[in-house]
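Visitor: Following is a predicted model, sequence given first.
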Amino acid sequence: MPDGAASAVFPVRKMGFSFDEVPRRWFYDSVLVSDLVNALNLLFPAGERFFVRSVKHYVPQLRDPELKARVRAFFGQEGSHGHEHERAFEILEAQGYEIRRWLAWYDRFAYGFLERIVPPNIRLSVTVALEHFTAALAEVPLTREFFEHVHPQMRDLLRWHAAEEIEHKSVAFDVLAEVDPRYWVRMVGLALAGTTLMGFWRSATKMLIAQEPGYTRAQMKREQQEAYARGQNRRPLLKAVFSYVRPGFHPDQIDNRELARAYLSRIGRLEG
């Protein structure tokens, strides 16, 4: 961990969000943008459980008591994220989406097959890279003005998740640095993480859009152009990749913790 990095143990928050008023088009009244974020939401619960399993495998090897305490808090926060996003599935089903078949396929392929054939150090490395991606994406809901056009119930969910991703962004990285700091291991994890994230995200988005009655390619193209004009693009992910490939990279070199602290303070949940 670099000098001056924030290393204090962070709280585990139980939020209990309500999603009863979320409309089908909850982000800029856009089919495409709403379904893109809905698709990412579908990946979170099983993905968070994978992160926990990947880190937990190495807990017996950890010697630093502070890192062990941060790992326990990481497990708690990831468990809360998975729980809240899984509750948001219910609103998708209430809106008429059929998602269970896709979720069953995703679970079988990603975690019943891929996870079993990848060695533990690479699973941890994939987790580290995906945690870096989520921390990079976390800056978007906390900084971009277009998030004011998100339905309040979903905006609260995404901003809380974003703030906690920033809080624990270096935990999995520090575990990997302790148990297997080899650069090539981190790069293999990056390649697998990027490939699987974009593949599953695209698959889930296509599944949801296929269930949009009367949605045309022309409408999709128009909504895509409008999103790009607002600054909704892949730039945060590309920027995250460029920073991650530096040999001396550490997540705490990216100074965004105050974004999380400011938001959590504003909603009265900084301390838990």
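Guide: That came in fine, so what should we check first?
Visitor: which residues touch residue 85?
Guide: Residues counted as contacts of residue 85 (Cβ atoms under 8 Å, 6 or more residues apart in numbering) are 41, 44-45, 48, 157, 161. To be clear about C-beta, it is placed using only N, CA and C from the backbone, and glycine gets the same treatment.
Visitor: Show me where the chain has its helices.
Guide: For the chain, helices defined by DSSP state H occupy the ranges 31-56, 65-94, 100-106, 115-117, 120-143, 152-167, 171-179, 183-209, 217-230, 235-244, 257-266.
Visitor: Just send these back as CSV, with mean pLDDT and distance to residue 18 too.
Guide: CSV is the format used below for those (pLDDT from 0 to 100; distance: least, Cβ to Cβ, whole Å):
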stretch, mean pLDDT, distance to residue 18
helix 31-56, 97, 16
helix 65-94, 95, 9
helix 100-106, 98, 22
helix 115-117, 98, 33
helix 120-143, 96, 18
helix 152-167, 96, 6
helix 171-179, 98, 29
helix 183-209, 98, 22
helix 217-230, 94, 27
helix 235-244, 93, 28
helix 257-266, 96, 19
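Visitor: Quick one: closest of those helices to residue 13.
Guide: Closest of the helices of the chain to residue 13 is helix 65-94, at 6.4 Å (criterion: Cβ to Cβ).
Visitor: Give the buried residues for the closest one.
Guide: 67, 70-71, 73-82, 84-89, 91-92 (16 or more other Cβ atoms under 10 Å).
Visitor: nearest to residue 137, of the contacts of residue 85?
Guide: Residue 137 lies nearest to residue 161 out of these, by Cβ to Cβ, at 9.9 Å.
Visitor: on that earlier part again, can I get the helices of the chain in TSV with distance to residue 19?
Guide: Below are the helices of the chain laid out as TSV (distance: least, Cβ to Cβ, whole Å):
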stretch	distance to residue 19
helix 31-56	11
helix 65-94	4
helix 100-106	17
helix 115-117	29
helix 120-143	16
helix 152-167	5
helix 171-179	28
helix 183-209	16
helix 217-230	23
helix 235-244	25
helix 257-266	20
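Visitor: and residue 24, which of those is closest to it?
Guide: Closest approach to residue 24 among those (Cβ to Cβ): helix 31-56, 7.2 Å.
Visitor: residue contacts, the residue nearest the centre of the chain?
Guide: In the chain, the residue lying closest to the centroid (Cα atoms, centre = their mean) is residue 134, at 4.1 Å. Counting by Cβ under 8 Å, 6+ apart, residue 134 touches residue 165.
Visitor: phi, psi of residue 210?
Guide: With angles defined as degrees, to the nearest 10, residue 210 sits at phi -60, psi -20.
Visitor: again with residue 21
Guide: Dihedral angles phi and psi of residue 21 (degrees, to the nearest 10) take the values phi -110, psi 10.
Visitor: Residue 248 too?
Guide: Residue 248 adopts backbone torsions of phi -100, psi 20, taken as degrees, to the nearest 10.
Visitor: Now do it against residue 177, distance only.
Guide: Applying Cβ to Cβ, to the nearest Å, the value for residue 248 to residue 177 is 11 Å.
Visitor: Tell me which of those two has more neighbours.
Guide: Neighbours were counted for residue 248 and for residue 177 using other Cβ atoms under 10 Å; residue 177 has more, 15 against 7.
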